[in-house]
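A.B. asks: One predicted model, sequence on top.
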Amino acid sequence: MLPGSYRAAGLVEDAALVRAMLDVEVAWARVLGTPVSLGSWVPDLDPREIEAAGNPVLPLVSALRQKVSGAVHTGLTSQDVLDTALMLLARGVLRQVSADLGRVGSALARLADEHRSSVMAGRTLTQFAVPITFGLKAARWLAGVQDCLEELDVVARGLPVQCGGAVGTLSRVASAADPVEAASSFAGYLGLVWPGLPWHTYRAPVTRLGDALVRVCDVLGVLAADVLTLGRPEIGEVSEGAVAGRGGSSTMPHKRNPVLSVLVNSAALQAPQLGAQLHLCSSRAVDERPDGAWHAEWPALRSLMELAVVVASQAAELVEGLEVYADVMARRASEAAGDLLAEQGGGSDPASYLGAAESFVDVVLKRWESR
C-alpha cells in the first residue's frame, strides 16, 4: 500500500477506471445515435472474465449491452476505450496535481520573500562553498515548481481520445458515417482532443504525460532531499512542522521523524522507473496493436498517476508547515566565514558576499506573480 494513497482517492483506482470506461462508451453511443442514460449504474466486473478477455473492456461492453438497447461500442476496439478512459483519469490527476503544486508554489514564494536576506552556508559536493540566502534556495525550488505547472497545463490541454477501431482505420465506422467527423464528435463529447489519427502504436501521449509527472516528482524530490539534509540534528536549519501522531518511532520514543520529506523523497526515487517502463512499452508497440507492451503500460501509468497526486499533496503540506531557523543559518555561516569567503580571499561577513542572490529571488517571484 502506498503511504498516503488516500490522498488520491477516487482518481485512479479500479472503480474510477470502470466509471471512465463507461463515460467513454456513453460518449461513443451518442456518436452512434444511441441515447444512453445509466445514472449511477456501474457494473461489477468479474476478474476472471477480465483475465479471459485480456483487458477489462470486453466484460464491460457485455454488461452494457445487457443494460442498453441500441448500438454501443460498434466500431471501437478495446484499446480505444481503455486508452481514452486513462486520458479521462489523467485529466483529473493533472487537475489535482496542479492544484497542490499551486499550494507548494505559494508557500515557497512566501518563504523566498521572507528569507531573501537570510544568510546561510552554500554547499557544493556536501562541503561549504560560498554564502547564499535561504530565500534563494526557496526561489530555486519555486522555479522548478512553476516549470512543472506550465508543462502540466500543456499536457492537460492536449489529452487525446483514442479512436481507431480494430487496426486504426475506423473501417467499421466508415460504413455508416464519416469516420473523422465521428472521431471529432467523440472527442467533443468527452472534452478531449482528436489528434487527427489513432495512436495505438504511437505512445507519445502516454510518455508525454508520464514524463511530466516524473518531472513533478523530480522537482519535489530535490526539495525534500534538501529539507532532509538541512533538518539533520547536527545541522538543524529547518524542520517539518510538528503534527500530533506523525513521525513517531516504534522503538525510540525521542524521535520525530521527517515523515513527509521521507515520503516525498521516496516518490522521487520510484517515479523514474515507472516513466522508464512507459518508454519501454512505447518502444515495443508493434504491429497495429501491441502484444503485451500495451498491457504492461496500464499498471505503470496508473501507479505513476497515483504517486504524483500523493507526492504533490504531501509536498504541499510539507512546505506549508516548514519551520525555518534563520538564526541557526546565520550563526553557522558566521562560524564558517573563513571557508565561505575563501573565494574572495577572506573576510568575516558572509552577508557581504551574496552577489545577485536577491535579484535572482526577485526574478523568480516576479514570474510567479505574473503567472
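C.D. replies: Looks like it arrived, so ask away.
A.B. asks: what about V180, distance to A85?
C.D. replies: Distance from V180 to A85, counting by Cβ to Cβ, to the nearest Å: 22 Å. For every residue, glycine as well, the C-beta is placed using N, CA and C.
A.B. asks: Same question for M120.
C.D. replies: 48 Å.
A.B. asks: Please enumerate the strands of the stretch 151-300 of the chain.
C.D. replies: Along the stretch 151-300 of the chain, counting by DSSP state E, counting those that start in this stretch, strands occupy 238-239.
A.B. asks: where in it is pLDDT low?
C.D. replies: 244-255 (pLDDT under 70).
A.B. asks: what ranges do the helices span in it?
C.D. replies: In the stretch 151-300 of the chain, the segments counted as helices under DSSP state H, counting those that start in this stretch are 171-174, 179-190, 204-230, 259-283, 293-320.
A.B. asks: Which residues are in contact with Q344?
C.D. replies: Residues in contact with Q344 (Cβ atoms under 8 Å, 6 or more residues apart in numbering) are Y353.
A.B. asks: any idea how far E13 is from it?
C.D. replies: 57 Å.
A.B. asks: Which of V180 and A85 has more residues huddled nearby?
C.D. replies: More crowded of V180 and A85, by other Cβ atoms under 10 Å: A85, with 25 against 15.
A.B. asks: Return the residues in contact with the nearest residue to the more buried one once chain neighbours are set aside.
C.D. replies: Once flanking residues are discounted, A85 sits nearest to A20: 3.8 Å by Cβ to Cβ, 6 or more residues apart in numbering. Listed by Cβ under 8 Å, 6+ apart, the contact set of A20 reads A85, L86, L88, L89.
A.B. asks: What is the burial count for the nearest residue to P43 once chain neighbours are set aside?
C.D. replies: Excluding the flanking residues, the one nearest P43 by Cβ to Cβ, 6+ apart is A63, at 3.8 Å. By other Cβ under 10 Å, 19 other residues sit near A63.
A.B. asks: Tell me the helix or strand right after the helix or strand containing A63.
C.D. replies: Assigned by DSSP states H and E, A63 belongs to helix 57-67. The element immediately downstream of helix 57-67 (helix or strand, assigned by DSSP H and E) is helix 78-114.
A.B. asks: gap between the following helix or strand past that next one and the chain center?
C.D. replies: The helix or strand immediately downstream of helix 78-114 is strand 119-124, counting by DSSP H and E. Here the centre of strand 119-124 is set off from its chain's centre by 30 Å, with Cα atoms, centre = their mean, to the nearest Å.
A.B. asks: contacts for stretch 47-64?
C.D. replies: 17-18, 21-22, 25, 43, 45-46, 72-73, 78-79, 81-82, 295.
A.B. asks: And those, which two are furthest apart?
C.D. replies: In the contacts of stretch 47-64, two members sit farther apart than any others by Cβ to Cβ. They are V72 and H295, at 23.6 Å.
A.B. asks: neighbour count winner among those two?
C.D. replies: Remark: of V72 and H295, V72 carries more neighbours, 18 against 14, as counted by other Cβ under 10 Å.
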